[in-house]
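Visitor: Dropping a prediction and its sequence here:
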Amino acid sequence: MKQILFTTFIIIAFTCFSQTDKVKGRFGCAVNSSLLEYSQSVGIAPTATYFKNNHQLELGIGIHPFEALNVRIISLELNYMYFANGISNRFNLYFITNFTSSNKRFRSLYDEINYNYLILTGGYGFQFRILKDAYVGTDINAGGLTRSKTSDNPNYLSSESFFHRIYLTGMIRLNIGYRF
């Protein structure tokens, strides 16, 4: 699985950013908020962005501040967005692919349970430019999710490895960002 993800990332990077024209890339920052259907948690991910030739890559670390006191979720988020018509208009449509890896730690009365998620979704969205370089946007995604779970007390809960089950999931995302 690691080789597939790494190969996909390399292909996207070479395809997007090895164009021969002299278009200057633009860095930026964004805050992405997402509601994942399967885990029903709201995540907030500050991300760094890079835009070039109608392609945008985003990388960020997500937190889930609205969980119970005995639950902690931290995630790593990688997004690839393709703006077919560029970003020069006030209203811009895009295709998105999202890869999220997250860790959910739950402390119960008997032990500590760890869930690790791998989520891969794709979808469609739009951005609305509110100032020259600032924007707000939203997208809707569908895809797959797999998880592993481990427990400190194997008598309480049995462990499960990745790809034991694959679930269908959906995601709604909101974002606000700025390109420098």
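Guide: Happy to help now that I have it.
Visitor: List the contacts of Q127.
Guide: The contact partners of Q127, by C-beta atoms under 8 Å, 6 or more residues apart in numbering, come to 87, 91-92, 94, 135-137, 175. All C-beta spots, glycine's among them, are computed from the backbone N, C-alpha and C.
Visitor: at 10 Å instead, please
Guide: By C-beta atoms under 10 Å, 6 or more residues apart in numbering, the contact set of Q127 is 56, 81, 83, 87, 89-94, 135-139, 175-177.
Visitor: measure the residue most central in space within the chain to S88 for me?
Guide: The residue lying closest to the centre of the chain (C-alpha atoms, centre = their mean) is E77, at 3.8 Å. For E77, the distance to S88 (C-beta to C-beta, to the nearest Å) stands at 26 Å.
Visitor: about what we covered before: can you tell me how far the residue nearest to the centre of the chain sits from N116?
Guide: Counting by C-beta to C-beta - E77 and N116 are separated by 15 Å.
Visitor: show me where pLDDT drops low in this structure?
Guide: 1-23, 38-39, 154-157 (pLDDT under 70).
Visitor: now the helices: where do they sit in it?
Guide: Using DSSP state H, the helices of the chain run over 2-17.
Visitor: show me the contacts for L69.
Guide: R107.
Visitor: how about it, phi and psi?
Guide: phi -60, psi -30 (degrees, to the nearest 10).
Visitor: which stretches of this structure form strands?
Guide: 26-36, 41-52, 55-63, 71-82, 91-107, 112-129, 134-151, 166-179 (DSSP state E).
Visitor: export the last one as CSV, just CAs?
Guide: What follows is strand 166-179, C-alpha atoms only, in CSV (Å, rounded to 0.1, in the frame of the first residue of the first chain):
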residue,chain,number,x,y,z
ILE,A,166,-13.0,-1.6,3.5
TYR,A,167,-15.9,0.8,4.1
LEU,A,168,-17.6,3.3,1.8
THR,A,169,-17.5,6.9,3.2
GLY,A,170,-18.3,10.4,2.3
MET,A,171,-16.9,13.8,3.3
ILE,A,172,-18.1,17.4,3.2
ARG,A,173,-15.3,20.0,3.4
LEU,A,174,-15.2,23.7,3.9
ASN,A,175,-12.1,25.8,3.4
ILE,A,176,-10.8,29.3,3.6
GLY,A,177,-7.4,30.2,2.3
TYR,A,178,-5.0,32.8,0.9
ARG,A,179,-2.4,32.6,-1.9
